[in-house]
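Colleague: Show me how the following folds:
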Amino acid sequence: MSELRACPFCGGEVKLYREPYQGGQQAGINPIGLLCPGCKTTHLFDAHESQVMLKKHWNTRPIEDSLRARVAELEGSLARATEAAYDYDSKRAALGKIGGE
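Modeller: Numbering: from 1, shown residues only. You can find the predicted model right below:
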């Protein structure tokens with residue numbers, strides 16, 4: 001999982017960055033974070049967290065993922081219903097020709 005998902009707020013590309021050392025932080029530990037230049041959203045993570053875990057946390061969006069799955073399911077249902085309606089119309093038209101409509 002090397003790629004980061006787009007920003008959930010603006011759809012922009014998110015970049016990885018490290019905060020510069022500031023007083024009060026443990027020496028040598030710089031918080032790691034993500035920044036969306038488009039909407040200026042930032043998300044800081046624990047400095048001890050690996051980049052792999054950071055990306056995993058950022059890319060985990062259960063509500064968004066379940067909504068996308070539901071949309072895909074409904075689009076599939078719509079496609080099947082549309083196809084059934086076309087089949088019905090074509091069969092009805094063929095029957096009309098046979099019956100003399």
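Colleague: who does residue 33 bridge with?
Modeller: On the basis of DSSP bridges, residue 33 is bridged to residue 17, residue 44.
Colleague: check contacts around it.
Modeller: Each residue near residue 33 by Cβ atoms under 8 Å, 6 or more residues apart in numbering is listed here: 16, 17, 18, 19, 42, 43, 44, 45. Every residue, glycine included, has its C-beta placed from N, CA and C.
Colleague: ok, which stretches of the chain are helices?
Modeller: All helices of the chain, identified by DSSP state H, fall at 51-59, 62-99.
Colleague: would you list these in CSV and tack on mean neighbour count and mean pLDDT?
Modeller: Putting the helices of the chain into CSV (neighbours: other Cβ atoms under 10 Å; pLDDT from 0 to 100) gives the following:
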stretch, mean neighbour count, mean pLDDT
helix 51-59, 14, 83
helix 62-99, 10, 89
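Colleague: now those as a markdown table including distance to residue 34?
Modeller: Compiled in a markdown table, these are given as follows (distance: least, Cβ to Cβ, whole Å):
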| stretch | distance to residue 34 |
| --- | --- |
| helix 51-59 | 6 |
| helix 62-99 | 16 |
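Colleague: closest to residue 4 out of these?
Modeller: Closest of those to residue 4 is helix 51-59, at 5.8 Å (criterion: Cβ to Cβ).
Colleague: Convert the C-alpha atoms of stretch 52-70 to PDB, please.
Modeller: Provided in PDB are the C-alpha atoms of stretch 52-70 (Å, rounded to 0.1, in the frame of the first residue of the first chain):
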ATOM      1  CA  VAL A  52       3.200   2.100   6.300                       C
ATOM      2  CA  MET A  53       0.900   2.400   9.300                       C
ATOM      3  CA  LEU A  54       0.300   6.100   8.500                       C
ATOM      4  CA  LYS A  55      -0.800   5.200   5.000                       C
ATOM      5  CA  LYS A  56      -3.000   2.400   6.200                       C
ATOM      6  CA  HIS A  57      -4.700   4.700   8.700                       C
ATOM      7  CA  TRP A  58      -5.200   7.400   6.000                       C
ATOM      8  CA  ASN A  59      -6.500   5.000   3.400                       C
ATOM      9  CA  THR A  60      -8.900   3.200   5.800                       C
ATOM     10  CA  ARG A  61     -12.400   4.800   5.300                       C
ATOM     11  CA  PRO A  62     -15.000   2.200   6.200                       C
ATOM     12  CA  ILE A  63     -18.000   4.500   5.700                       C
ATOM     13  CA  GLU A  64     -16.800   5.700   2.300                       C
ATOM     14  CA  ASP A  65     -15.900   2.200   1.200                       C
ATOM     15  CA  SER A  66     -19.300   0.800   2.200                       C
ATOM     16  CA  LEU A  67     -21.100   3.600   0.400                       C
ATOM     17  CA  ARG A  68     -19.000   3.000  -2.700                       C
ATOM     18  CA  ALA A  69     -19.900  -0.700  -2.600                       C
ATOM     19  CA  ARG A  70     -23.600   0.100  -2.100                       C
END
